[in-house]
Each structure stands twice: as structure tokens, then as C-alpha cells.
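A.B. asks: Sequence and predicted structure are below.
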Amino acid sequence: FTHQPPPAKYGGRHTVTLIPGDGIGPELLNHVRELFRFCCVPVDFEVVNVNSAASSEDDINNAVTAIKRNGVALKGNIETNHNLPRSHKSRNNLLRTSLDLYANVMHCQSLPGVPSHHKDIDVIIIRENTEGEYSSLEHENVPGVVESLKIITRVNSLRIAEYAFNLAREKGRRKVTAVHKANIMKLGDGLFLQCCKEVAAGYPDITLDDMIVDNTTMQLVSKPQQFDVMVMPNLYGNVVSNVCAGLVGGPGLVPGVNYGKDYAVFESATRNTGRSIANKNIANPTATLLAGCVMLDHLKLHAYARMIRKAVLKTLSETRLQTADLGGQCTTSEVVHSIMQEIQRGGHITTDLNFISAGSRDHTNSPNTCLMPNTESVCLTV
Amino acid sequence: MIMATLTKALKPILGRQLGNAAKVFGPAASNQRGKPTYTQPPPAKYGGRHTVALIPGDGIGPELLSHVRELFRFSCVPVDFEVVNVNSSLTSEDDIKNAIMAIRRNGVALKGNIETNHIMPPNHKSRNNLLRTSLDLYANVMHCQSLPGVQTRHKNIDIIIIRENTEGEYSSLEHESVSGVVECLKIITRTNSLRIADYAFKLAREKGRRRVTAVHKANIMKLGDGLFLQCCKEVASGYPDIEFDSMIVDNTTMQLVSKPQQFDVMVMPNLYGNVVSNVCAGLVGGPGLVPGANYGRDYAVFETATRNTGKSIANRNIANPTAMLLASCLMLDHLKLYDYATMIRGAILTTMNKTRLHTVDIGGQGTTSEVVQSIMRNIESGGPLTTEI
């Protein structure tokens, strides 16, 4: 562990926008802040609240401005109440389209120690994030007949395919599978498939094959180990990523990232609000914490990312430290506390564990002897 | 006295046929058990036999459907098949129009999947889709059950999936107004949504089911899926004995993969129905096991639930005939030939669960013909009359 953090944006520390969202978002993101502070991660969070019930779009516009300013964000899911009038667009969707976060990447891996029916799953799902069925373009020309428009464009399809192949090459992957329904939606998914094939021609070291979405979901349920990297339009991406999340152990485990050309927003892969388990201290913090790690990697704070990720995965593999969604009985705070203990055991620089209790506490006033950049480190032992 | 009553009871089934056989064939004593067998099935009687349109399709369709015919002939099922071939590679729509006319004439059909080659020009519509929309087969019903003899990761699954079969994303309405930008229209109408919801609740009530779950994505497609959901709620209010809830499609698929036992009856628009039925088929053992039925107001077409062409396993005698055979049993139920249906279904399930003769897709080593032979043997040992094996 180096005492010299990598050069940061401004004054040695990064600023990241934090959008708590609804449901379990606020409590889990609090734990992330707690953990980052404990590990002396040089990241400051600019909290922007978005009220999902307000009909004005000012809240979300502020959030978008904050992300444009900082470049990186960590968010919880903002609830979309479908009883509100139709003109009230999904806030999450607005955020993604305004920032043009065109690629949603989800890396689904079987984690040791987590109970699941399948083993050895290692799939990267790349989902087009801005168009497709999520265009929010619907109209009712004739009463009782609704037309929803699914838009597929050449530009976006080429872009997402290019992203997929680039990522596959970077990560040393052998195969990219395009998921589609071109036998029915010949023009739409046909265009998507054609763009994938064009891009594939420029990557001769990677094989492209294609599979229809219904067959894909059936194969995923019986033999998920056959998939390597998958690229697909928006709606299929939604379904396939949820199936994969279910296969590796549930929505509480997998982090997801939304990449654009200039911005990156990190969240849990399946974007659950978790309203029914909010504020009960039973939510699984793994997905959000791992999303935080992926964010640290993005900010090139690799050492911190590795340290936290290792501690999270080690804690996860112990059955007695698993939350209710994995069949265990641990509370969220107990899990986070154990992660912190694990980090401390690794001999890293941290604040004093005694000041962080297993319960929600405001730590802004607690005395801390955290490392400041470019100063001597003091290792605390408990 | 008992024997007399027994013979009297059996007389309608055996009497006339035995009498005819004796007259025409003499004693056909090839069966050790002394039951009658025939080298030819009983003669057709006008008004006593049904005619069903048979569309072989592509891939494994033709071979599996010929096994169905073989089995029906063997079991002396009073059904005649009118075979209508559809050539999927032709651009003219005459083939499929003939098939549709045959189905209109007969009312019932059994079909294999017709391949849709996506290399063909976009105006070449999917033949299966054309068939479904022309005959207005608005409800696709798939009953997914865990079979005891099949090894799966999940047990005790029993879900009925009702999928809207004519509109939604399958409208085949696409256009490219600006070059490089394609718009696909997904149509949801109030009439069709009410119709399918009504069908779902009626079926649930008929089968004594407690709960119907509507699957949708109304948080994103507010107008479209919002309308579908609203129609389901309206219909649900007319069935107070059945519980109604709704779930977003992504959460549904995740729940299906972890805890499928929580679902009872599910109703949904076309595309989600496609995905969800394939997930369920995968959960109970694969595409070779589940039959599906497409019901319209006046017509019914039976096929395998996941509509696979099986091009890579065609003509190799390794395809699983279960789905197609169970589909033919559903057809017999529809034709009110319940005894035959129960007999054949019983034999299929005995082969699957007791004899455990499985094909490659469910982990066994049997060939298609071996499985069918085993089913025939089961029928022979249990059923009343058969032709020779």
C-alpha cells in the first residue's frame, strides 16, 4: 500500500456526485460513505437529492448538472410511481438519456460462498442504455389503441457494438453474443444485428454469434456457462441482466455501471428500489459497495478498490455474515462492520474502528486521525 | 352376474369392433394377452372421426408429427390428418394461405414450427405469425409443470402462462422514416387486453387457481403496458374469488430463476410472454417437454410451447417427442376425446417417470423412436385396443 495516493483532480481529492434515491438507496449509500471515510479514500461526495414524487423536473436537472460538473456519480434507484400521470417521465431514464450514458455494463460472476443453483458463471452483459423500447415515445391516436415506439438507430447500434468489442478485447474475452429478435422485428433488430456484424469484422480475434432472446433466456436457465460477453438492445438487456443476477444469487450482489463518452454513473445492476425492505437494516450492501469499488477503479484509485473489494468478497463468502436475501441472518450494519474489521486486519490505514459503531451514526463530528494526502501515515491498531 | 354386467359394460367399446374384426380379419391372435390387435385400424365412419389439419413445418417438425400419426394410428384414435405443407423459403404467401384455409375448414390444427429465415427481405413475414394473426388466435396457453422423472434444479413448479398472441411487439409494423433510424411499433389495444385478461381469469377459475399475476413494464411504457395493466385490473374486479397482482418483467424473470414456486397463473403481452415462457420451459427441463396451445374464438392450433425448429437436430432421431405428443393430447382434450387423451398422456408420463427412458436433451440416451416405441408398449399394456406394434 503506497502512502502516496495517485494524483487526483483538485487538491488531491476527487468529488463524486451522490444521488441517494429511494428505498434502500439512502441507507446503503450512507454505508458507502462510512466505509470510504474509514478507509481514508480520497473521495468527497456531493449529495444531490431527487424527489421522485415532485412533478417538476428541477430536481433531476440539478442532479444532471452536478454529474456534468463532477464527471462521476454513484446513485441509488429513484422510484417511478406508475400511478402518476403519463407525462411524468422516469427520473432514472431522464438521467441516462440526458447524459447519453449509452452503455450499461454488468459483470455477472458466481461468487464463492454464495448459495446458487449454478456455478462458474462469468458473463459480461453490455446493454444499450438510451434507445430501444425505453424511448418513452407513446401515443394514443385512436382511443383504446396505444402505439409504443421502439427506436433502433444505426449510430447507436454501431456505438454499442464498438463498445462491446473494445471491452471484450480489453478483458481478453473470446466471444461476443448478440441477443435479438430479428425474426419478428426484422428492420429494428435486423439493423442492430447488422451493425454488430459490421463491427465484428474489425475484430477478427473475437468471434461473434447471435441468438434469439427467447432461446437465450432458456439457455441461461439451463447452461449459463456457455456465455462470455453479450451485447443487446435495451429491453432484452433488462430481462437478461435480471435473469443473470438471479442466477448468481440475487439483486443484492451485482454492481452495474452506466458509461457515456464523458460521464460514468455507478449503481446496483438490477436497479431495485427495495421499498419493502427500506430502513430495516436487512438490505444486502454488497452490490452498492462493489459499485463503489468499480467507481474507484474508474477514478484510477486501484489500490483502494482492490482493498475494499477483497474485504467485501471475503465477508460475503462467510455464511454467518450473509444477509437475509442470501439466506443468512446478518444485518446490513453488521456486514459493513465486518468488512471494516477485515480491512483493518489487512494492515491498511484506517480511522479508528471504535468510533464507528454497528448502527447509523453521524461521523462528521467524530474525531478521526485519517491520513491526509502527502503526510505521514499512522496505522491504528485496535 | 358380475361377469355379465362387466361384459355388458365393455360391450360398447369392444363389441362392435370385435365383431367387425372377426368378420373381416378372422382371429388376429398376435397378442399374447389375447387382446385384439389389427393390421389395419377399424374402418372410418363418417361423422365418427375428426379431421385435423397437420402442418409439418421445418426442422424436427416433420419427424415428430409423423410419430404422432404413428401413435394415433396405433391407438386407433378416431382422428384423420389433412397434411398441408408450407414451404418457408418461398416468397409467395400461397402456401400459408392454403394452410389457413385448411384450418378454417377443420377448426383444429397440429403444427410444427415454420422457420423464419432472417436473411430474407423484411417484407417476407414470419409464417407462424401470419397464421396466428389471420386466425386471430389471441391466447397462447402454456402449462409448465415439473415432471418427477426429469432432473431439474427447481422442483414443484406449476405455472400457467397466458400470453397475448396477436399484437404487442409482434405487429410486424416497422419503418425507416430517416435512413439509419428504425421505428418498431408496439401496439396495445384495449379490446385485446380486455380479451386476454378475461381469458386468463376464466381459465384460472375453471382450473381452480387462486392467483393471477400480470407481467408488464408500465414504469417505462406507461401508456402501452399501463393500458394492459389497467384492463387486467378491470377484469379482476369481476372475479373477486381470484387474487390479482402485478410484477415488472425484470423482477419477474429474476424471481422465476430463484423462486419459481411462487407463481400460479401469469398473464402478459406478447414479447414478455415469449421470454417468460422460455425461461419456464428451461426451468422444468427444456424445450422438448412442454406443449403449447393457441386458442382463438373459433380455432385452436397446437404445437410445442417454445416453438423451436430444431434445425441442428433434425432427422437424427434424437429429438424429444414429448412436447409434440403432449400437444396432441391437448388437442384430443379439445376434441373431447378425453379417454384417448388420458391414455396417451398416461403412457407418456409412465415412460418419462417410471421407465425413465429419456432423450439426449434431458440427459438420457434414448432415441426418438425408442421413446415412441416405449410409449406404444405402455399403451398396449394399459389401453383397450391397438393395432400391431
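C.D. replies: Arrived safely. It should be emphasised that the depicted structure is a prediction, and the values quoted were computed from it without experimental measurement. Numbers count the residues shown, from 1 in each chain, chains lettered A, B, ... in the order given.
A.B. asks: Next, count neighbours for residue 327.
C.D. replies: No chain specified, so I'll use chain A. 12 (other C-beta atoms under 10 Å in any protein chain shown). All C-beta atoms are positioned from the backbone trio N, CA, C, and that covers glycine.
A.B. asks: switch to chain B, that's the one I care about
C.D. replies: Counted with other C-beta under 10 Å, B:Ala327 comes out at 24.
A.B. asks: A:Ala200 now?
C.D. replies: 19.
A.B. asks: What residues does the stretch 1-150 of chain B have near chain A?
C.D. replies: B:116, B:118, B:122, B:126, B:129 (C-beta under 8 Å from any C-beta of the partner chain).
A.B. asks: Helices of the chain, start to end?
C.D. replies: Since you didn't name a chain, this refers to chain A. A:25-38, A:58-70, A:91-98, A:154-170, A:188-201, A:213-222, A:234-248, A:286-298, A:302-317, A:332-345 (DSSP state H).
A.B. asks: should've been chain B
C.D. replies: Going by DSSP H, chain B shows helices at B:2-10, B:16-24, B:61-74, B:94-106, B:127-134, B:190-206, B:224-236, B:249-258, B:270-284, B:322-334, B:338-350, B:368-382.
A.B. asks: Just name the most buried of those helices.
C.D. replies: helix B:270-284 (a mean of 26; mean count of other C-beta atoms under 10 Å in any protein chain shown).
A.B. asks: and the angle from it to helix B:322-334?
C.D. replies: Here helix B:270-284 runs at an angle of 110 degrees relative to helix B:322-334 (axes from the mean of the first three to the mean of the last three C-alpha atoms, to 10 degrees).
A.B. asks: Quote the end-to-end distance of stretch B:257-271.
C.D. replies: 18 Å (C-alpha to C-alpha, to the nearest Å).
A.B. asks: and that stretch, is it in reach of chain A?
C.D. replies: Yes: legend: contact between stretch B:257-271 and chain A by C-beta under 8 Å from any C-beta is shown at B:257-258, B:271.
A.B. asks: how far away is A:Glu79 from chain B?
C.D. replies: Distance, A:Glu79 to chain B, by C-beta to the nearest C-beta, to the nearest Å: 9 Å.
A.B. asks: Mind putting the helices of chain B into TSV with mean pLDDT?
C.D. replies: Below are the helices of chain B laid out as TSV (pLDDT from 0 to 100):
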stretch	mean pLDDT
helix B:2-10	49
helix B:16-24	42
helix B:61-74	94
helix B:94-106	91
helix B:127-134	91
helix B:190-206	95
helix B:224-236	94
helix B:249-258	93
helix B:270-284	93
helix B:322-334	94
helix B:338-350	92
helix B:368-382	91
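A.B. asks: closest to A:Arg37 out of the ones you listed?
C.D. replies: Closest to A:Arg37 of the helices of chain B is helix B:249-258 (C-beta to C-beta; 32.6 Å).
A.B. asks: between that closest one and helix A:234-248, how big is the angle?
C.D. replies: Using the same axes, to 10 degrees: helix B:249-258 against helix A:234-248 is 30 degrees.
A.B. asks: Kindly state the pLDDT recorded for A:Ile212?
C.D. replies: With respect to pLDDT, A:Ile212 scores 93.
A.B. asks: so it touches A:Asn183, yeah?
C.D. replies: Yes: in this structure, A:Ile212 is within contact of A:Asn183 by C-beta atoms under 8 Å, at 6.4 Å.
A.B. asks: So between those two, which is more surrounded?
C.D. replies: A:Ile212 (20 against 17).
A.B. asks: how far away is that one from chain B?
C.D. replies: Distance from A:Ile212 to chain B, by C-beta to the nearest C-beta: 9 Å.
A.B. asks: show me what contacts that residue?
C.D. replies: Applying C-beta atoms under 8 Å, 6 or more residues apart in numbering or on different chains to A:Ile212 gives the contacts A:179-183.
A.B. asks: mind listing what the residue nearest to B:Val86 when sequence neighbours are not counted touches?
C.D. replies: The shortest distance from B:Val86 to any non-neighbouring residue, by C-beta to C-beta, 6 or more residues apart in numbering or on different chains, is to B:Asp95 (4.5 Å). Counting by C-beta under 8 Å, 6+ apart, B:Asp95 touches B:85-87, B:127.
A.B. asks: got TSV for those residues, with distance to B:Ser374 too?
C.D. replies: Formatted as TSV, these follow (distance: C-beta to C-beta, whole Å):
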residue	distance to B:Ser374
B:Asn85	29
B:Val86	31
B:Asn87	34
B:Arg127	33
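A.B. asks: and the nearest residue to B:Arg127 once chain neighbours are set aside, how many neighbours?
C.D. replies: Excluding the flanking residues, the one nearest B:Arg127 by C-beta to C-beta, 6+ apart is B:Ile114, at 4.2 Å. By the criterion of other C-beta under 10 Å, B:Ile114 has 25 neighbours.
A.B. asks: B:Glu169 is in contact with A:Ile184, isn't it?
C.D. replies: Yes: shown here, B:Glu169 and A:Ile184 form a contact pair, counting by C-beta under 8 Å, at 7.1 Å.
A.B. asks: low pLDDT regions in the stretch 251-382 of chain A?
C.D. replies: Counting by pLDDT under 70, the stretch 251-382 of chain A contains low-confidence ranges at A:353-382.
A.B. asks: For it, what lies in contact range of chain B?
C.D. replies: A:251, A:270, A:272.
A.B. asks: Out of these, flag the one nearest to B:Ser246.
C.D. replies: Nearest to B:Ser246 among these, with distances taken as C-beta to C-beta, is A:Asn272, at 16.2 Å.
A.B. asks: The residue nearest to that closest one when sequence neighbours are not counted: what's it in contact with?
C.D. replies: Leaving aside its sequence neighbours, A:Asn272 sits nearest to A:Pro251 (C-beta to C-beta, 6+ apart; 4.9 Å). A:Pro251 sits next to A:242, A:245, A:268-270, A:272, A:287, A:325, B:254 when contact means C-beta under 8 Å, 6+ apart.
A.B. asks: could you redo the last one with a cut-off of 6 Å?
C.D. replies: By C-beta atoms under 6 Å, 6 or more residues apart in numbering or on different chains, the contact list for A:Pro251 reads A:245, A:270, A:272.
A.B. asks: Then B:Leu173?
C.D. replies: Taking C-beta under 6 Å, 6+ apart as the test, what B:Leu173 contacts is B:Leu185.
A.B. asks: where does the residue lying closest to B:Ala327 once chain neighbours are set aside sit relative to B:Thr213, distance-wise?
C.D. replies: Once flanking residues are discounted, B:Ala327 sits nearest to B:Pro291: 3.6 Å by C-beta to C-beta, 6+ apart. For B:Pro291, the distance to B:Thr213 equals 22 Å [C-beta to C-beta, to the nearest Å].
A.B. asks: Repeat that for B:Val301.
C.D. replies: B:Val301 is 26 Å from B:Thr213, by C-beta to C-beta.
A.B. asks: The two - which one has more neighbours?
C.D. replies: B:Val301 (26 against 23).
A.B. asks: The more buried one bridge partners, please.
C.D. replies: On the basis of DSSP bridges, B:Val301 is bridged to B:Ala109, B:Asn294.
A.B. asks: Residue numbers of the stretch 1-150 of chain A in contact with chain B?
C.D. replies: With the criterion set to C-beta under 6 Å from any C-beta of the partner chain, the stretch 1-150 of chain A comes near chain B through A:80, A:82, A:86, A:117, A:134, A:138, A:144-150.
A.B. asks: Just put those in a markdown table and tack on neighbour count and pLDDT.
C.D. replies: Formatted as a markdown table, those follow (neighbours: other C-beta atoms under 10 Å in any protein chain shown; pLDDT from 0 to 100):
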| residue | neighbour count | pLDDT |
| --- | --- | --- |
| A:Thr80 | 20 | 81 |
| A:His82 | 20 | 70 |
| A:Arg86 | 12 | 73 |
| A:His117 | 16 | 88 |
| A:Tyr134 | 24 | 82 |
| A:Glu138 | 20 | 89 |
| A:Gly144 | 14 | 92 |
| A:Val145 | 16 | 93 |
| A:Val146 | 24 | 92 |
| A:Glu147 | 20 | 91 |
| A:Ser148 | 25 | 90 |
| A:Leu149 | 16 | 90 |
| A:Lys150 | 25 | 91 |
